[in-house]
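> Take a look and give me a structure for this.
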Amino acid sequence: MGGLCFLLISTNLLFLFFTISSAVDIISPSQSISDNTTLVSSDGSFELGFFSPGSSTNRYLGIWYKNIPGRTVVWVANRCNPINDSSGMLMINSTGNLVLFGQNKSVVWSTSSVKRVENAMVQLLDSGNLVVRDVKDGISGPYL
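Below is the predicted model:
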């Protein structure tokens, strides 16, 4: 009986560990990225999230190499329009565009896709590219 109990507890802990440590590379229409969350490419090479360069208190949304010490940023969304606090939030709007909000839900940055999509998702690829796709096409579908 004790061995069975140990096996069940060990299996549950192992499942919990893999669930917590698995990288999320997609934002679905109902999700967002806030100041304390990130997206990580499926191979773990790139990460998208909010950061402050050096001793600055300004916050930027960017993509950086995840496994290189001393964060090497490769792309910044709001380079010319920093967020002054931790209120930043990246979401997908009803037309399939990415929108970055700052203080008081003010728009700091956004995309302007020509194609309207009612059910878009965003994926951080292993190449470091951030792409928008139609949910109905899945993760192997074309980019918008």
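> CA only for contacts and neighbour counts going forward, please
Noted.
> Show me the strands in the chain, by range?
Secondary structure of the chain (DSSP state E): strands at 26-27, 32-34, 39-40, 46-51, 60-65, 73-76, 89-92, 98-101, 107-110, 120-124, 130-134.
> how about the last one: buried residues?
Put plainly, it is strand 130-134. Neighbour counts over strand 130-134 (16 or more other C-alpha atoms under 10 Å) mark 130, 132-134 as buried.
> Dump the C-alpha coordinates for that strand into CSV.
Extracted C-alpha coordinates of strand 130-134, given in CSV (Å, rounded to 0.1, in the frame of the first residue of the first chain):
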residue,chain,number,x,y,z
LEU,A,130,6.5,36.8,-33.7
VAL,A,131,3.6,35.9,-36.0
VAL,A,132,-0.2,36.2,-36.1
ARG,A,133,-2.2,33.3,-37.4
ASP,A,134,-5.9,32.4,-37.7
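> quick one: it to strand 46-51, angle?
100 degrees (axes from the mean of the first three to the mean of the last three C-alpha atoms, to 10 degrees).
> Offset the numbering so it begins at 13, please.
In the new numbering, first residue 13, that becomes strand 142-146.
> average pLDDT across strand 142-146?
The pLDDT scores in strand 142-146 average 90.
> Next: the first one.
Predicted confidence along strand 38-39 averages 92 (mean pLDDT).
> Okay, now the sheet partners of it, with direction.
strand 132-136 (antiparallel) (DSSP bridges).
> then stretch 91-99 to CSV, C-alphas only?
Taking Å, rounded to 0.1, in the frame of the first residue of the first chain, the C-alpha atoms of stretch 91-99 are listed here in CSV:
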residue,chain,number,x,y,z
ARG,A,91,11.1,51.6,-28.6
CYS,A,92,9.9,55.2,-29.0
ASN,A,93,7.1,55.0,-26.5
PRO,A,94,8.2,53.4,-23.2
ILE,A,95,5.8,52.4,-20.4
ASN,A,96,6.6,54.1,-17.1
ASP,A,97,5.3,51.4,-14.8
SER,A,98,4.4,47.7,-14.8
SER,A,99,0.9,48.2,-16.2
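> Alright, calling it a day.
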